[in-house]
Structures are given as C-alpha cells and as structure tokens.
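Q: Everything below, folded, please.
(chains A and B)
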Protein chains: 2
Amino acid sequence: MAVATQSLEELCINSIRFLAIDAVEKAKSGHPGLPMGAAPMAFVLWDRFMRINPKNPQWFNRDRFVLSAGHGSMLQYALLYLAGYDSVTIEDIQQFRQWESKTPGHPENFVTPGVEVTTGPLGQGIANGVGLAIAEAHLAAKYNKPNATIVDHYTYVILGDGCNMEGVSGEAASFAGHLGLGKLIALYDDNHISIDGSTDVAFTEDVSKRFEAYGWHVLHVENGNTDLEAIAKAIEAAKAVTDKPSFIKVTTTIGYGSPNKANTAGVHGAALGADEVALTRQNLGWTYEPFVIPQEVLNHTRKAVERGATYEADWNKAFADYKAKYPQEAAEFERYVSGKLPEGWDKVLPTYTPEDKALPTRKHSETCLNKLSAVLPELIGGSADLTHSNLTELKGKGDFQKGQYQNPNIHYGVREHGMGAIVNGIALHGSGLIPYGATFLIFSDYMRAPIRLSALSQAGAIWVMTHDSIGQGEDGPTHQPIETLASLRAIPNLTVIRPADGTETSGAYKVAIERAKNNAPTLLAFTRQNVPNLAGTSIEGVGKGGYVLVDSRGTPDIILIATGSEVSLAVTAAEKLTAEGKKVRVVSLPAWDLFEEQDAAYKESVLPKAVTKRLSIEAGSSFGWHKYVGTEGDTISIDRFGASAPGNVCLEKFGFSVENVLAKAKALLG
Amino acid sequence: MAVATQSLEELCINSIRFLAIDAVEKAKSGHPGLPMGAAPMAFVLWDRFMRINPKNPQWFNRDRFVLSAGHGSMLQYALLYLAGYDSVTIEDIQQFRQWESKTPGHPENFVTPGVEVTTGPLGQGIANGVGLAIAEAHLAAKYNKPNATIVDHYTYVILGDGCNMEGVSGEAASFAGHLGLGKLIALYDDNHISIDGSTDVAFTEDVSKRFEAYGWHVLHVENGNTDLEAIAKAIEAAKAVTDKPSFIKVTTTIGYGSPNKANTAGVHGAALGADEVALTRQNLGWTYEPFVIPQEVLNHTRKAVERGATYEADWNKAFADYKAKYPQEAAEFERYVSGKLPEGWDKVLPTYTPEDKALPTRKHSETCLNKLSAVLPELIGGSADLTHSNLTELKGKGDFQKGQYQNPNIHYGVREHGMGAIVNGIALHGSGLIPYGATFLIFSDYMRAPIRLSALSQAGAIWVMTHDSIGQGEDGPTHQPIETLASLRAIPNLTVIRPADGTETSGAYKVAIERAKNNAPTLLAFTRQNVPNLAGTSIEGVGKGGYVLVDSRGTPDIILIATGSEVSLAVTAAEKLTAEGKKVRVVSLPAWDLFEEQDAAYKESVLPKAVTKRLSIEAGSSFGWHKYVGTEGDTISIDRFGASAPGNVCLEKFGFSVENVLAKAKALLG
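A: Residues are numbered from 1 along each chain as shown, chains lettered A, B, ... in the order given. Sure, this is the predicted structure:
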C-alpha cells in the first residue's frame, strides 16, 4: 500500500503499529506481532465504540477495555496515547519496558491509569472481563430505575490464541455464557501463531464452536486486517444481542505489514530488527520517524477527549437527576464508589467467651459474612460449588443468575481458577464492591495465579478458604493442606489470616474488609472442625497479626506459638505446664505479615529475643516457622502429606495433642 | 424393581451400589451418589471390555481405568473387589476412609494396587488419562511392528460434571482431540447434580458440543441407569473410531435407587442415613446384609481373574515372539519397564571450568536434555508453548503429533495445567518413560495442583522451569517469580533444584533422572540470563543438596549461602572479603530438601552452629531462609513484587550486586 492512498483510518492504524514496532525496537524487547495484527480491530473499537473519558480514567460509567493478550501491551499504550490519556505520553512510550516507566512489559493497572486490570499471564484478562461485566450487571440491576439509568457500560476484551488455550478462559467463558452477560464483548485475535509457531502444532480445535457450546453469540470477521466495516458491523451486532455475551473471531495476520516476518512466530515476541523495521516502513508506506505521529492522526484520535468530557457531563447530569429522585439509592451508590465504609460497620462483628459453644471457624465465618452483609450490601460472592461446606451463602439474599443480577450469591461452579480471576475483575471494577471467592484451602492451588494477581494488582478481594488442615479428615491427602499456608504467606501483599476462634474470626473479617476497601486482598483460612472459644482472644490482636494470649508473670521459660485450631492446644498445654511451675507464654499468631508490620518494640514485647525456647504448633508445614522459633526452638508441624481418616484421628496421629505439646515443650525446657 | 426379577447383571450392579452405600454409611463419610448412578456404566465397562489381570495389577498391557470423579472412590474399590484384586478385600471396604486403610477417601495409586492415578482434585483424572493414552500411543508407535504388537491397550475414564467444569479438563481434552488419541475413551456421568445442587445453577453449556469442537468423537447414552446394551454399544462404537478420542455422555441419575435422595445434592457427598439405606434396599430389592455379596455375583465377576491370566499369558507369548524377532527393541523395552537406567548413563553429563563460556543455566539444561536423550530414549516431553525460551527441544528427534507418536517432542500449547496432569499420566503409565514439562517458573502457579500431585502420587516427572527470577527482566512482575521457589520448596517429596552453573545443572539432571526412575518428581529452576561457570561446583555437591564451595582456613567469620545465579555474587564477594582479611565460607545450597536428608555431621560440617553470622543471597523471597541464616543472620532477598526493566537493571536495583553483598556482610561482621 502506497502512502498516497492511505486514508486517515489507515494512518491511525499504522500509527498504532509503528508505535509498537518502534517502542519494541528501542527496548529491544517486547511483542510487536499482536499490535501490528490487532491494530485494525482495536482502532475501530476505540474510535467508534469505546465510551471513555481520557482525562478522567476513573470515570465510573466508562466502557472497560481489557487486553487479555497482555504481551501485546504496546497496543494498549498506543491506544491510550492516541486517545489523549495523560498517563501515557510519547516519552513514556519511548521508555517502554524500562525501570519505573509508565509502560511496563505487560499492562499493569496499578502503574498506568487507563489500564483496568493487570494482564500477561494468559487467560486472566478474559476472565477478569467476566468479572467486570458481572459488576456492571449487578450494579445496573441494583440501581438503575425504569426512568433513570446510571450504570450502563460495555466490557470489551481482546484475547488471543494463548488465552483461548488456557483452561481459565474456558471456565470463565462457560460461566459468562451461563449468566448471559450480554454486555461482554470479546474480540478474538485469530492469528494462528503462538510462540511455538503455527497453532497447528497444538491447537486445532474449533474455538467458535466451543464458544457456541458455552452459549455465546458468535461472529466471524474473515478479514480483520483491512475490512474495518466488517469489524464495526460485528461489534454492532454484538451490542444488539443483549442476552448473551458475544465472541467475535477476527482473523488477522500477526505482524501484519512486515514483509518477511508477518505470519511467523518470529514477530511474536521479539523486535523486528532495524532492517525489517525499514522494510515494514516501506511496505506500509510509513514515512515518519520513530515516535512521530502525524498531526492529522492526533487531531482525529484526540477527539476522544472532547467526546469523553461530554459522556461524563451527560452522566453527571443523569446522576444528579437520579439523586433527586432516589436520594437513598444515590447515597449508597456514592458511598460504594467513594470506597468508604459506613460508620460503625464493624460493630456487627460478634465476640465470644469460653462459655460460647465450640464451633468451626467456618461457621463463625458464615456468621460474620451474614452480619456484615446487612451493613455492607457491597459484599458479593460465593463458592466454587462448595457453598454449604464453605458456608458462604448470604442468607435470604438470592442467587446471582441471569435475570437476577441484583442478588449477591454467586454460584461459580467447580471453577476455582475462573472464580479467582472473576473476583479480581469485580474488585477492579472500582465501584466499591467487595467480592469474595471460596473453596477448600487446598484448592487455592487451582487458583494460585489469580490470588497472586490480586496481591500484585491491588484487587480488594477476600479469599475464603475452609477445611484448612488435616482436620479436614476423611477426604485424605489430596484434600488436606500441608504446605498451603506457607506457600500463601510467601506471596507479597497478601495477608493470610488463620483465626483461632469466633472472636479472632471477627478480627479476621475486620482486617479483610478494611483491606478490601484499600484495594488489598486477604486470604482467610478456616477450620472444618469445632474449636473452643478462648479467653483473651481479641479483634485488636488479630489486627496486630500476633499477640500474647496467655502469660505467666516475668520472663517466660518457654513461648508456645500457634495459629488457628492449634491455639487451644497451646492454651491447654500452657495451663498444665504452669501448674507444674513453669513460666509459659502463649502467642496467637494468626497473621504473620501483619505482625511483621508492627514496630520493633511491639514485636519484642510479644516474642522477646531473650526467650529462645520456643515451640510452634500448627497443623501444616514447618516451612517458614524458623523465623519465629529460631535455631533453638522446635516445631510441631507436618512435613509429609496427610492421610485419609477422621479428622480427630489425623490430628492425634500427626502429633496435635496436648500430650505431644507437653512432651515437646518439656524436651525444650530440658 | 422386585428381587425376583433381578438379572445377574442387575445383581452385579446393585452389588456395586450397596458396597458404596454401606461403606459410606459405616464410615459416616463419603460420596454414595456417583457410585449408585455410575454403577451400570462401570459394570458394563469392567465386565465386557476391560482387559486387566487382577492378580497382577501391574501387567504392562492392561487397559487403564481412571475414575476422574475421584470422590466416587467406592465405585473403584467395589470394582476392584468384585474383579478379584488382592488389594481390596471386603475387610478393606469395611475400613473405608479409616487410618491406614487400603480404601482412602479418594483413589490413591500409591496405596491401592489397581488404582492407576490419584484423583479427587477435579479434572486431574481425565487429563491423567490423556497422559496415559499418550504413553500408550508413543510406545506402540515405537515398538509395535507390522507383525508383532506388544503395546495395545485402551485408557478408559469416568468423569463427572465437576471434572467438566474445571479448565484443566478442557485443556487436556483440546490437546487429546488435536492429537487424535483414538484409544482414549471417556464416559461422562451426566447426572446434572453437583454439590451446590442442580448443575442448572452454574453449568448449562452444551458439553457434548464442546467436545465435538475439540475434535472428539461424541456419543450419547440417553438412559445410563438401565440400558446396559446402549452403554455397551457406545463403547463398541468408541473403540471403532481409531483416529479420535471418544466422549460418551451417559445420562444417569445420581443416587439411583434412593427413593428420597436420588437426583439431589443430598446424595452427592454424605451418607444416606440408616432410614434411607433401608428404603433404598427395599426399592432396589436388595436383601443382603451390608458387605455381603451374593456368591453368584462373585462367581461371575471373578471370572476376570481367569480372563486376566489368559490375557497376560497371551501377551507374554506375544512378547517372547517379539523378543525373538526384535531382540534389540525388546531389550530396550524391557529396560524401560524394569525402571532401570543403562549403565554409565550419567557419563554424558558435562562438567565445566571457569574458562568455559558463561551461559544461562537454561542453555546448560538444553545441553543436558539432548545429551541424556541420546542414552535415555525414554525421555519424552516439551513445553507449554515456550519451547525456544525454555530450550527443551530434543533436537532432530521430531514432534509428537497425530501419526507421529514415535517422536518425543510434545508441544503442549499454552496449557500449563493440562501439561502438568498429562505429564503425571505419562509417568504413572509405569512403562519407564521419563516425562518432562516446561514453562516459565512463574507459571508453575498455573500447574501447582499437578506438581503437588506428582509429589503425592509418586510420579517420576521432571518439571523444567526457566526464567527463574527478576533476572527475567522486561516482562515485569507478572512474569517474575518472587515467592515461587519458597512455595515449591514447601511441597513434601518434591525436590527443587536451582543450580548455579553448568556443572550444577548436570548435577541437577543426575538427581532428577534418578528420582524419576524412583517415582519421585524434581523441579529444576534455571536462569534466563548468563551465569559464569564457577570453580569447585560439582555434580556430587548437588546430590547432597548443599556444600562448601569456597572456604578460608579455620572457622569462618561469616558464611554466605546462595543458590543459582546468586552463587557467583557470593564467590566474588568472598574473594574481596578474604582479601580484606576476613575468613569467609561460601555454601552453594541448590536443593534444600536433599541437604536436609544428609546426616547431622555433614550438615554441621557445612553450616557449623557456632557460626551465626550468615548471609543468604537469593533473588527471591526471604520466606524459609531463616532456617539457614538463623536469628542473627541476614538475607539478601526480595519481599515485594518485581518490576519491568532489563534483567541486569532489576538485579542491581533489588540489591543483587557484589557491592550490596559486601555491605550486608560487613554489617553482619560489625
């Protein structure tokens, strides 16, 4: 194509391509192929459909855009730059993939305003998109009135072959089809190339048919390289179908425009090289220097700023009208979006005394969730098919289903990974919803990627994990967490809390809710089995991560450190040791990272350096415990897999008995 | 149905049902619903099709059976008992789900001979089945001759709604369709009930259509409760299609026979209760006491023993003929199956000196894999679409594809979770194949469940994980492992090795190959970036998990402990500190668990208790390191997420420089 024949639209599309080509070339790192091939669909989408306000990336009612194929991040940065976002300047693009730039290797919502979710690990983005669409559907059903619409936006996702190979995308897509999320529109960049070469080597299924099987509305754009009208018509058709999500397969050529590398894996994840860049310039008739965008292109694409101001002004007016008509709903909505908690919300959290009935902490969790739901209607969540084991139902509040999007109880099905990514999407909708997702603790393994991403991308999720030890019992080692707590505690920015009883469960929820509103995730580990309510446990103690629960006068001879269901063992053992004249301290340590955040004086007051005889008691791996028990301490822990037997038998056999605590403590005391 | 009308087949099927009902009732724990509904299809399969030898569960050419819906374990135990396996007696069934019984809550191959793989975590079993079918196809293509067939069996899988909701099953099924694995036959227990109730609440996709989209041969048995001939015909039809895997949807009623609980979630995962058991007995005309099986049933089902002896004898004869005609192939095949390594196999592993070129350890890994493949043709594996980043190709050996099953290079596509479960299936085929699966270390998060299961179920897998730190560089925090090493080290029975250079990489493979042949998995972590070859590194040292690499005379003032790419930093810093008159030891600690297995004297010789000034250096989380650095030591580690920038910049910024090692060491030395 010669320069003379380039339409304004072609110039715009080539602008996207060359921003990607030149940024990757400068960084000598990155993925030019996807932006080159997907530029037409992305341009059409952003130019003709996306309702956004570049000068206010957080405008509530914006359409959400997710680049699920996150390695093509330059596509997104180019779109943001061209649309006039302040977050991505041409200088930022020149700093692509450099230290502390606004343009990291993969899109990161916490770095670049305008990026909604963090993508890169494949399949996450489309599943996040399902979460964004769920949030929209929920809030729309809850707040919109026949004569007043304040929640009304689309969620658009561009995904690639890699996303479609990942199981998480299948889980989320099946669920989206079930829910009939009509305002979710996915554009599949069907370029038949992945890193290993042609998708023929590994991926020959009929993807469109699969999405039809999921219940999606499926379309095909045969020429995604140049047929802009076909792309636009497909998006129009997708919008017209309101009771199903839409999947538009857009057949493209990866690295379109590169004479020697288009349609090869060579253009997927590496710079083109100076020679091929020159040839691509020639081939596409692009006469501009790197990082120079024709003014006529900017004149056109930056109209998004003006449009955006109008969109937001119109919405503000609509909201003002709404507020006049529905002051109560408007106030609640405004509180949601502000991220604030209502005053006194935490007063509903119960505390307990030893006289209260012994219960599993999962049961206390159910109580907390239900009490909190009364004051925090922004709680929305559910379980991956274990509702009545995880005890996560918000009673009397109804199920979130097609046509009943106002209800908060989500049945995720047996789709832990999809649930995790969907929960992240709900959290990152930025509307103040507090999403939770639940399964057995062991199955956090199935959803480890989205749990990690919640911590990385500042998603205010609550992960409710029950059956938190070999106390799980008969299901056996496939279902009994051993190393799971350790592996989760190691994740940065994720607070893991394993409460000892009812009061500590309340403390755990206090932390989790506050963290959620501060865009930070929390993972809660609850028992299957009954635990007694202990004297001295406290909500405040949980907030500090660890605290002295039982103490003798003076410097202790020994410190017993325990979490969760094992705290009561420590307490009983301490009573017996005290009766024998020993000075014993029991420290409850439900949340390691919160304890580490305390000042040195507090930490020393709980775990004085001088006391080196320390015994940890936790029905899980010893991994990580040496930080607290030191080189002269010991652990009661499990460094092998569990076993199938009644939970109390397992606990006894693995050494979680008062007798064994006493024996180990006495061995330490010498 | 009245007792008078029961045919022998009905009696057999009811025997399965009541073994399950009564075992669950006695244990007061378990899942009766699936065995009650799936008993007809399981009976027809085992009675008319399965070629097994109950008296030799390890007979090589047996059909493999996988109960992917592992919670229905009593179905499998009933089948094993009725077929006459010594591993499951009626007393074992009475011990269902009790401590150290042969009948744990979920099928465990390492506990119960006759169980092929460990299931329970949903979706794993069907993906294991794909691995079993791959192993069969590979060995058949490699060893069978036009006039002599020694490898020829089917892999049958029963899976449920839960399995079909999990993404891992979709990944594996898509791949199986791509490969056209004609001897894989899956029976889908379509009972429309999961724990949360009707699948209508979460799972309304068209599963059959999805499997058609994957390229499977799809069949439907409309009445799986009583139409035994339809079940048999469907299995026949499945066997007749040899170029596609078959998916038989068998519509059943969960808890069939229970008047009040059939077709409800109530029968899914709980005992029926005495009253309902009695009603079910009445309803199904079952007059026998718990754990009493009519002799006519046993007379019939135990014919499997005689058939099995004939199968094995015939095969032995076929193999003897084969051996006469193809002694070389037969010898290799026998070595495979024996689990032995050829003498001197490890001589191919190279060692290096500091004069050798600095290379990434992933490059050394490629060298090892290719050298090993020359002497160990049982190596079979590949990458999840990162072949040329992971460097896992066995060069010149061809791709494992439909019609080319003899080749060892598997292109898994972007399906880490599926890959993991498939690798486990290949390992647990028990034919001596050594399977490996590769991806970036960070994406071990996507396949954590099968990695754990490899360790639990004694699968001799090798997990090849490259790009093992922030040295990964520009891809940024979504792609940079931080807590990943810690989270993997915490898994029992999994040896994690992070070698420092070329020689240690050889040591890592020596361990991994030997462990694989001993049915234990190993995870190898390799760098993306170059590392120098160090003086003193050794294959033997890696085998001990940790060893003294550099030492001053006498008791050291300080010990620097490092792994992988950070060992060279420690060595350089030690040189400088030594030049300044300090006594410095460097310990290379590539494999923590192997070091822990050494005797106390060796451990003390490497890390003497008296030396408390210790500094660890590893480009990952500090989590777990306090075991080695103690309370007076320090760590150079990363307890936040990474960043997008060139790898050398990331390493420098995060403190992985000789200067920072010196500064931290001097601070410790005071």
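Q: List the contacts of the nearest residue to A:W592 once chain neighbours are set aside.
A: Residue nearest to A:W592 in three dimensions, not counting chain neighbours: A:R489, with 5.4 Å by Cβ to Cβ, 6 or more residues apart in numbering or on different chains. For every residue, glycine as well, the C-beta is placed using N, CA and C. Contacts of A:R489 were listed using Cβ atoms under 8 Å, 6 or more residues apart in numbering or on different chains, and they are A:V496, A:W592, A:D593, A:G624, B:F623.
Q: Could you report the separation of A:R489 from B:F623?
A: Distance, A:R489 to B:F623, using Cβ to Cβ, to the nearest Å: 7 Å.
Q: What are the buried residues along the helix or strand A:F18 falls within?
A: Per DSSP states H and E, A:F18 falls inside helix A:8-27. Buried residues in helix A:8-27, counted by 16 or more other Cβ atoms under 10 Å in any protein chain shown: A:10-27.
Q: What helices and strands are in contact with the helix or strand that comes right after that helix?
A: Going down the chain from helix A:8-27, the next helix or strand is helix A:33-44, by DSSP H and E. Counting contacts by 3 or more Cβ pairs under 8 Å, 6 or more residues apart in numbering or on different chains; DSSP states H and E, helix A:33-44 is packed against helix A:8-27, helix A:73-83, strand A:155-159, strand A:184-190, helix A:228-240.
Q: For chain B, find the nearest of these.
A: Chain B lies closest to helix A:8-27 among these, at 6.6 Å (Cβ to the nearest Cβ).
Q: Show the average pLDDT along the closest one.
A: Averaging pLDDT along helix A:8-27 yields 98.
Q: Export that helix to PDB, keeping only CA atoms.
A: In PDB, the C-alpha atoms belonging to helix A:8-27 read as follows (Å, rounded to 0.1, in the frame of the first residue of the first chain):
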ATOM      1  CA  LEU A   8      -7.000   8.800   7.700                       C
ATOM      2  CA  GLU A   9      -8.100   5.500   9.300                       C
ATOM      3  CA  GLU A  10      -5.200   3.700   7.800                       C
ATOM      4  CA  LEU A  11      -2.900   6.300   9.100                       C
ATOM      5  CA  CYS A  12      -4.400   5.900  12.500                       C
ATOM      6  CA  ILE A  13      -3.900   2.100  12.400                       C
ATOM      7  CA  ASN A  14      -0.400   2.400  11.100                       C
ATOM      8  CA  SER A  15       0.300   4.800  13.900                       C
ATOM      9  CA  ILE A  16      -0.600   2.100  16.400                       C
ATOM     10  CA  ARG A  17       1.600  -0.400  14.500                       C
ATOM     11  CA  PHE A  18       4.600   1.800  14.400                       C
ATOM     12  CA  LEU A  19       4.400   3.000  18.000                       C
ATOM     13  CA  ALA A  20       4.500  -0.700  18.800                       C
ATOM     14  CA  ILE A  21       7.200  -1.500  16.300                       C
ATOM     15  CA  ASP A  22       9.500   1.400  17.300                       C
ATOM     16  CA  ALA A  23       9.000   1.000  21.100                       C
ATOM     17  CA  VAL A  24       9.800  -2.700  20.900                       C
ATOM     18  CA  GLU A  25      12.800  -1.900  18.700                       C
ATOM     19  CA  LYS A  26      14.100   0.700  21.100                       C
ATOM     20  CA  ALA A  27      13.600  -1.500  24.100                       C
END
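Q: What's the local residue count around A:K317?
A: 10 (other Cβ atoms under 10 Å in any protein chain shown).
Q: Now do the buried residues in the helix or strand containing it.
A: In this structure, A:K317 sits in helix A:303-325 according to DSSP H and E. Buried residues in helix A:303-325, counted by 16+ other Cβ under 10 Å: A:A304, A:V305, A:R307, A:G308, A:Y311, A:E312, A:W315, A:F319, A:Y322, A:K323.
Q: now stretch A:531-547
A: Neighbour-count burial for stretch A:531-547 flags A:531-534, A:537-539, A:541-547 (criterion: 16+ other Cβ under 10 Å).
Q: still on that earlier bit, of the helices and strands packed on helix A:33-44, which approaches A:N424 most closely?
A: A:N424 sits nearest to strand A:155-159 of all the helices and strands packed on helix A:33-44, at 13.5 Å, using Cβ to Cβ.
Q: Export the closest one to PDB, keeping only CA atoms.
A: The C-alpha trace of strand A:155-159 is given here as PDB (Å, rounded to 0.1, in the frame of the first residue of the first chain):
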ATOM      1  CA  THR A 155     -16.800  -4.600  28.700                       C
ATOM      2  CA  TYR A 156     -14.600  -5.200  25.700                       C
ATOM      3  CA  VAL A 157     -11.800  -7.800  25.700                       C
ATOM      4  CA  ILE A 158      -9.200  -8.600  23.100                       C
ATOM      5  CA  LEU A 159      -7.800 -12.000  23.500                       C
END
